[in-house]
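Asker: Predicted model, plus sequence, below.
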Amino acid sequence: MRGRLAVMVLMALWLALASALAQDGASASLKIGIVDINGVLGQSVAMTKIRATIDEENKKFQATIEAEQRELRSAEANLNAERQLLDASEFNTRVQEFERRVIILQQRTQAQRQNFDATLKRADEHLRALLLQIIGEIAAEENFDLVMQRQNVVLFQSEFNISAEALRRLNERTKDLTITLPNKETQ
């Protein structure tokens with residue numbers, strides 16, 4: 001629904017601008033640029049590097065979690081084996097301790113996943129803002145009257161597509177990017 005509304009708004013703006021130019025006796029032609037923002041971000045060296053770093057850290061974290069899960073399964077088996085040997089009070093105390101450990105592991109796992117997601121979101125927002133700045137610069141240099149997102153355009157001539165130039169500039173500006181993840185959660 002939001003996409004359709006954006007297309008309708010852009011079409012209305014284009015029609016209004018074309019109409020205004022025609023009424024003034026000026027040519028109704030517009031200089032338009034088209035850019036695939038999501039495609040540029042997805043292909044950028046910076047986003048590829050960010051995703052790879054997050055994936056690597058996630059694999060390390062997953063290995064730690066899997067080791068802790070194996071330890072918990074072992075503790076659960078031991079607890080079940082000792083059930084007949086312990087009095088009810090001692091058994092309940094150990095069960096509560098085991099359940100506490102399970103909950104803590106679940107909370108750590110959820111917190112770390114949220115941390116990875118938030119890191120990726122912040123990186124995406126930063127790169128998106130930089131890309132929009134680059135698109136604005138290209139538009140000014142090329143004297144575009146209008147720049148539209150590729151997903152909102154059905155047909156266009158390839159010379160209108162500025163995605164490759166936007167990608168080149170984004171890669172150039174982020175070539176020295178260093179990736180620092182937020183503090184790892186304590187183990």
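Answerer: Received, thanks. Residues are numbered from 1 along each chain as shown.
Asker: Quick check: buried residues in the host helix or strand of residue 54?
Answerer: Using DSSP states H and E, residue 54 maps to helix 45-82. Within helix 45-82, the residues scored as buried using 16 or more other Cβ atoms under 10 Å are 46-47, 50, 53-54, 57, 61, 68. To be clear about C-beta, it is placed using only N, CA and C from the backbone, and glycine gets the same treatment.
Asker: okay, and for the chain, where does confidence drop off?
Answerer: Across the chain, the ranges flagged by pLDDT under 70 are 1-28, 156-157, 182-187.
Asker: Next, the distance between the ends of stretch 153-172.
Answerer: 27 Å (Cα to Cα, to the nearest Å).
Asker: all helices of the protein, in order?
Answerer: 2-23, 37-43, 45-82, 88-142, 163-173 (DSSP state H).
Asker: Now residue 177. Nearest residue, chain neighbours left out?
Answerer: Distances taken as Cβ to Cβ, 6 or more residues apart in numbering place residue 46 nearest to residue 177, at 5.0 Å, with adjacent residues excluded.
Asker: That neighbour reaches residue 167, doesn't it?
Answerer: No - counting by Cβ atoms under 8 Å, residue 46 stays clear of residue 167, with 10.5 Å between them.
Asker: Could you report the separation of the residue nearest to residue 76 when sequence neighbours are not counted from residue 119?
Answerer: If the residues on either side of it in the chain are set aside, residue 76 comes closest to residue 98, at 6.4 Å by Cβ to Cβ, 6+ apart. Distance, residue 98 to residue 119, by Cβ to Cβ, to the nearest Å: 32 Å.
Asker: Thank you kindly, that will do.
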